[in-house]
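**Q** sequence plus the predicted model coming up.
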Amino acid sequence: MNRPLVEAHVLLFLFCVATAIASPAQTLTTLLNLQATNSGPVAGLIQATDGNLYGTTYYGGYGTVFKITTGGTLTTLHTFDNTDGSEPLGVIQATDGNFYGTTKGGTTKGYGSVFKITPEGTFTSLYTFCSVSKSGICQDGAVPAGGLVQATNGDLYGTTQYGGTNTSNEGTVFKITTSGTLTTLYSFCSKSGCPDGGEPSGALIQAANGVLYGTTLYYGPNGFGVIFKITASGTLTVLNSFDGTDGNTPTGGLVQDTNGNFYGTTYYGGASSNCASNCGTVFQMTPGGTLTTLHSFDGTDGNYPEDYWGLVQASDGNLYGTTLYGGAYLSNGGTVFKITTSGTLTTLHSFCSVVESGDCEDGQESYAALVQHTNGKLYGMAYEGGTSDAGLVFTLSMGLGPFLKLTTTSGNVGSTVGILAQGFSSSSVVKFNGVAATKTTLTGTTYIVATVPTGATDGFVTVTTGATTLKSTQKFIVHNSWASGTAMPVAVAGAATGVISGKIYVVSGVETYNGAAVSNNQVYNPTTNAWTTATAIPTPVYGAASTVVSGLLYVIGGSESNTGAATNLVQIYNPKTNAWTTGTAMPTARSNFAAVVDGTSIYAIGGNGSTNRLTTVEKYVPSTNTWTEEAPLLTGVSDLSAGLLGTTVVAADGYATSGDLGTTESYDVSTNAWSGLTSDPNPRNDSCYGVISGLLYAAGGYNGSTETLTVNESFSATSDKWTSLAAIPTATFFPNSAVNNGQLYCFGGEASFHGTVINNAQIYQP
């Protein structure tokens, strides 16, 4: 049987001879031996709303789509004949109840397709790749490299390994509607040397922040593949470039855990010297792109993990996956493994434990990712082996109980969420983080659709039926909603803030509106929802501007109190040494201003509190420790909100000489010029603000005359438009704001103008 690896130059088959026997393996049970009519499974199974499992095989004609019950009864839904595609790469079930997938080849063009198939087996070809060709390159992409993902906007997203609008022919990211309209979002190798990677592989995932994440097999700054994120509109950012020692050739997709970290595998690379090309790795990556190698395979515990759909995180919190080769037997049939999120790996099964007539009776070479059914069992497939050497479907029981599976893990209040499990009835009660859904629709005993209720916040979903309560394995993220974190130990307003390695630093500020600035350095860990302290700032300041560059927190300017004189100090905190140093003083002493980073330059904008409204803009370059004066604002303001939106610096709101005007201006770094934009319809100053996914968010603040506000808005520089959003629960003036992992954090501030300083932590999920 031919092997379906992603590229010929990946097919090196560098077998590692096992030199040690793995720990006692978990018992694996064959659910069904596949036959020639359905053979060579590559992509993983999925659980559908009817409780059955659905998947594809590479062969049986030119591949098949099939359904299998948890009892092992298989039904072929479609057999490809090459004209409608060949070598399918799995299916997903969309919100319309139909299944969607991709094929690597076939069709009249020979470069793959996107298809739809109903649960009853009615097949529709939605799109044929290479429908647009130029100079021998498929402009719309060629050879899909993984499956699809349906985003919360209802569209489907995927990748092709080749094609694109660049002459390099290194693949694309595409969007396709369920009716078949395809849009190429990104073409790889956009610059010389392919710093953005090339030949994407594995399925994309949509993370909790709404952004899509994926991998490429090759290229990037280090040449061994990259991990990237891409917005729904096509803005791509490389988060990590593999260097060989930490992995090489990431073939599979990623999985995100409940703490926001990502996990995946690489086909080659790692620290082991037991394999000629090294045997591959399991890695963890933070949302910010910090990568940790959790495990390097050495052959005895498996080698060459090749899951197109990546790892699966089961209900016990552990990750499960398979390797193509290696294991406890000389036949190198591959393994099934478990690995904790901290990196402890256990080999659960080595394939080829039973060999009859040269065939591995328990399976061999598992390309397909595992899936956990809501009955608690893990299901997987072997590409070869079994009684007919056509592959097989297996189950693996880890003693895990039933749980809930969500069809989507995020949405707004009023959106609908599909929930899979068993044993549902008309009396089942659905709750979102403890808030009961008032509208549910039951389909049989395995599927409920619930509407996200008003008041729901980020958290787990539960369904109670009689005396049984089942819980989802992932938190549901309620977009455009507010939640609370642990209150600050010391209530402050007007503090400096910065996010470094996932921790939020809240430095200095005042405890009473007319009090002197304090020296506190309070540190919040969103993962643990807990506060600690760090070394106090040498010179306490109120209303300083702050930002982070290269892992250092810069606290610039500020005043000794609400009414005190402004300073021009640059105070720099290094969390690695827990120590402060100073930089060259800012030319203009000021407070109540904003700082924005573009690249590695810090722009200090406006400010000076109640004494003056500055138009002054000065740029600080930390690498040279120098300041220069830049073009001034069109309107002088203090207490403003600002941020970098794409490549544009935007300064909004703030207090002008004639009061709060809501002025919004954009700054072009390349031309050193400011221009006016649409004013904020709710003029204010001293808001909680930050930039998330290309939008400037501003919550709370003071309207300059009578009222502390709960108004929450976002601004888009692209559309030059302000949008009203869910109000911040507690009105706040001059809170301490930060952005971490796609959320806006608003700490403390004053409950009213010159009022009580509060210590609450209000967290906004866009």
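**A** Sure, I can see it. Numbering: from 1, shown residues only.
**Q** leaving out the residues flanking it, which one is nearest to the residue nearest the centre of the chain?
**A** Centre of the chain computed as the mean C-alpha position; nearest residue by Cα atoms, centre = their mean is A207, 3.3 Å away. Closest residue in space to A207, ignoring its immediate chain neighbours: Q256 at 5.2 Å, by Cβ to Cβ, 6 or more residues apart in numbering. From N, CA and C alone the C-beta is placed, and that goes for glycine too.
**Q** tally of neighbours for the one you found?
**A** 20 (other Cβ atoms under 10 Å).
**Q** G61 now?
**A** So G61, with other Cβ under 10 Å, has 15 neighbours.
**Q** quick one: it from P119, how far?
**A** G61 sits 20 Å away from P119, going by Cβ to Cβ, to the nearest Å.
**Q** returning to that earlier point: show the contacting residues for the residue nearest to A207.
**A** 205, 207-208, 213, 262-263 (Cβ atoms under 8 Å, 6 or more residues apart in numbering).
**Q** point out the least confident one among the residues you listed.
**A** Ranked by pLDDT, the contacts of Q256 bottom out at A208, which has 82.
**Q** what about the nearest residue to A382 once chain neighbours are set aside, neighbour count?
**A** Once flanking residues are discounted, A382 sits nearest to G363: 2.8 Å by Cβ to Cβ, 6+ apart. G363 is flanked by 31 other residues according to other Cβ under 10 Å.
**Q** list the contacts for G363?
**A** 28, 30, 333, 351-352, 381-382, 384-386, 391-392, 394.
**Q** who wins on neighbours among the residues you listed?
**A** Of the contacts of G363, with other Cβ under 10 Å as the count, F351 tops at 33 neighbours.
**Q** now the spatially closest residue to it that is not a sequence neighbour: how far from Q364?
**A** Leaving aside its sequence neighbours, F351 sits nearest to G333 (Cβ to Cβ, 6+ apart; 3.2 Å). Separation of G333 from Q364 (Cβ to Cβ): 4 Å.
**Q** who touches both of the two?
**A** Here G333 and Q364 share the contacting residues 351-352, 385, scored by Cβ under 8 Å, 6+ apart.
**Q** just curious, which of those is nearest to V312?
**A** F351 (18.0 Å; Cβ to Cβ).
**Q** tell me the contacts of that closest one?
**A** F351 neighbours (Cβ under 8 Å, 6+ apart): 327, 329, 331, 333-336, 360, 362-366, 382, 385.
**Q** which of the residues you listed fall in strands?
**A** 335-336, 360, 382 (DSSP state E).
**Q** among those residues, name the buried ones.
**A** Buried by 16 or more other Cβ atoms under 10 Å: 335-336, 360, 382, out of the ones in strands among the contacts of F351.
**Q** for these, give me TSV that also has distance to T451 and pLDDT.
**A** Formatted as TSV, these follow (distance: Cβ to Cβ, whole Å; pLDDT from 0 to 100):
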residue	distance to T451	pLDDT
T335	43	93
V336	38	95
C360	48	90
A382	41	95
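**Q** can you list the low-confidence ranges for the stretch 501-650 of the chain?
**A** Scanning the stretch 501-650 of the chain for pLDDT under 70 picks out the ranges 610-611.
**Q** residue ranges of the helices in it, please?
**A** In the stretch 501-650 of the chain, no helices are found when defined by DSSP state H, counting those that start in this stretch.
**Q** do a quick rundown of the strands in it.
**A** 503-507, 521-525, 530-533, 545-549, 552-556, 570-574, 579-583, 594-598, 601-605, 617-621, 626-630, 641-645, 648-652 (DSSP state E, counting those that start in this stretch).
**Q** partners of the fourth one, with directions?
**A** I take that to be strand 545-549. strand 552-556 (antiparallel) (DSSP bridges).
**Q** the residue nearest to A207 and V417, how far apart?
**A** 17 Å.
**Q** ditto for L470
**A** From L470 to V417 the distance is 14 Å (Cβ to Cβ).
**Q** farthest-separated two in the buried ones among the ones in strands among the contacts of F351?
**A** V336 and C360 (13.4 Å).
**Q** rewinding a little: ok, so of the contacts of Q256, who is nearest Y127?
**A** When those are compared against Y127 (criterion: Cβ to Cβ), the nearest one is I205, at 21.3 Å.
**Q** for that closest one, grab the count of nearby residues.
**A** Residues near I205, counting by other Cβ under 10 Å: 19.
**Q** T708 now?
**A** 21.
**Q** what's across from it in the sheet?
**A** Y702.
**Q** touching, it and G755? I think so.
**A** Yes: contact criterion Cβ atoms under 8 Å: T708 and G755 qualify, at 7.5 Å.
**Q** hmm, back to that, redo the contacts of G363 as TSV? Include distance to G141.
**A** Shown next, in TSV, are those (distance: Cβ to Cβ, whole Å):
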residue	distance to G141
L28	37
T30	37
G333	34
F351	34
C352	37
M381	27
A382	30
E384	30
G385	34
G386	34
G391	29
L392	33
F394	34
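**Q** tell me the pLDDT of the residue nearest to G401 when sequence neighbours are not counted.
**A** Nearest residue to G401 in three dimensions, chain neighbours excluded: G376, at 5.1 Å (Cβ to Cβ, 6+ apart). The score at G376 is 95. That number is its pLDDT.
**Q** surely G376 meets L400?
**A** Yes: under the criterion of Cβ under 8 Å, G376 makes contact with L400 at 4.0 Å.
**Q** got any residues that touch both of these two?
**A** S315.
**Q** show me the common contact partners of T708 and G755, please.
**A** F733.
**Q** ok, now which ones touch the nearest residue to S687 once chain neighbours are set aside?
**A** Spatially, and ignoring its direct neighbours in sequence, S687 is nearest to G701 (3.5 Å; Cβ to Cβ, 6+ apart). By Cβ under 8 Å, 6+ apart, the contact list for G701 reads 653, 684-688, 708-709, 711, 732-733.
**Q** phi first, then psi, for Q150.
**A** phi -100, psi 120 (degrees, to the nearest 10).
**Q** what's around it, how many residues?
**A** Neighbour tally, Q150, other Cβ under 10 Å: 19.
**Q** show the contacting residues for the closest residue to it other than its chain neighbours.
**A** By the measure of Cβ to Cβ, 6+ apart, the closest residue to Q150 outside its immediate chain neighbours is A94, 5.0 Å from it. Neighbouring residues of A94 by Cβ under 8 Å, 6+ apart: 100, 150, 156, 178.
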